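Asker: The following block contains a protein sequence and its predicted model.
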Amino acid sequence: MARHIEYLEELQNAVRFKHRCSAAHAESVFVHERTNAGETVWKGYVEVFDLTGHEEAKKCYAWLNRKANGLKILTVMGNQLIDSAQKAVQAAIFMGVQPAFTTLELLRFLDFQLQQAKGILQETQINSEDLDAAIQAAQQIQDNIQKGTIGTFADKSVTIPVLPKDLEKGY
């Protein structure tokens, strides 16, 4: 669930930054685009955002596109012709599935995210040293869990038995 929320926030931030307006997640729509022969061209969820403050559009459709060279965030603005998630995917396919960001835009977006993170740190009054220490501690705990060592007491490691993969997942 947390990953889904992070995913939506990333798409929302991409829409906000690229189109310079407010964006609120409205819904997730499953789209399965096929050829006339029934072959899958694209399938997945498209996130629909309601826009505020954009001169022309009221909606934006966004999703991650997985390609051989990695993931790309795609955004398609709603208009009179593109009034659904299905039509947004069709438009992206027709246009050759262009990435949402150029390199310069990506750098600006990363700077935008950095500024947001700095603002959050200032609001919560967490200093970077404390944050670094917390991140390192969390990474150490994760490493210990993966190794089966949950901690060190008086220079002795405490080891837990490694469970079969299906038990670790809660089955």
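Answerer: Nice, I can see it.

Asker: Roughly how far does residue 93 sit from residue 87?
Answerer: 11 Å (CB to CB, to the nearest Å). Just so you know, the C-beta spots here come from the backbone N, C-alpha and C atoms, and that holds for glycine as well.

Asker: Same drill for the two, tell me which one is more crowded.
Answerer: The neighbour count for residue 93 versus residue 87, taken as other CB atoms under 10 Å, is higher for residue 87 (16 against 12).

Asker: so the more buried one touches residue 81, yeah?
Answerer: Yes - using CB atoms under 8 Å, residue 87 is in contact with residue 81, at 7.0 Å.

Asker: Can you pull the residues that touch both of those two?
Answerer: Residues touching both residue 87 and residue 81 by CB atoms under 8 Å, 6 or more residues apart in numbering: none at all.

Asker: Just the C-alphas of stretch 6-15, formatted as PDB.
Answerer: Provided in PDB are the C-alpha atoms of stretch 6-15 (Å, rounded to 0.1, in the frame of the first residue of the first chain):
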ATOM      1  CA  GLU A   6       4.500   6.700  -3.300                       C
ATOM      2  CA  TYR A   7       3.800   5.800  -6.900                       C
ATOM      3  CA  LEU A   8       0.700   8.100  -7.000                       C
ATOM      4  CA  GLU A   9       2.700  10.900  -5.300                       C
ATOM      5  CA  GLU A  10       5.500  10.600  -8.000                       C
ATOM      6  CA  LEU A  11       3.000  10.800 -10.800                       C
ATOM      7  CA  GLN A  12       1.200  13.700  -9.100                       C
ATOM      8  CA  ASN A  13       4.500  15.500  -8.700                       C
ATOM      9  CA  ALA A  14       5.300  14.900 -12.300                       C
ATOM     10  CA  VAL A  15       2.000  16.300 -13.400                       C
END
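
Asker: In it, which residues are buried?
Answerer: 10-15 (16 or more other CB atoms under 10 Å).
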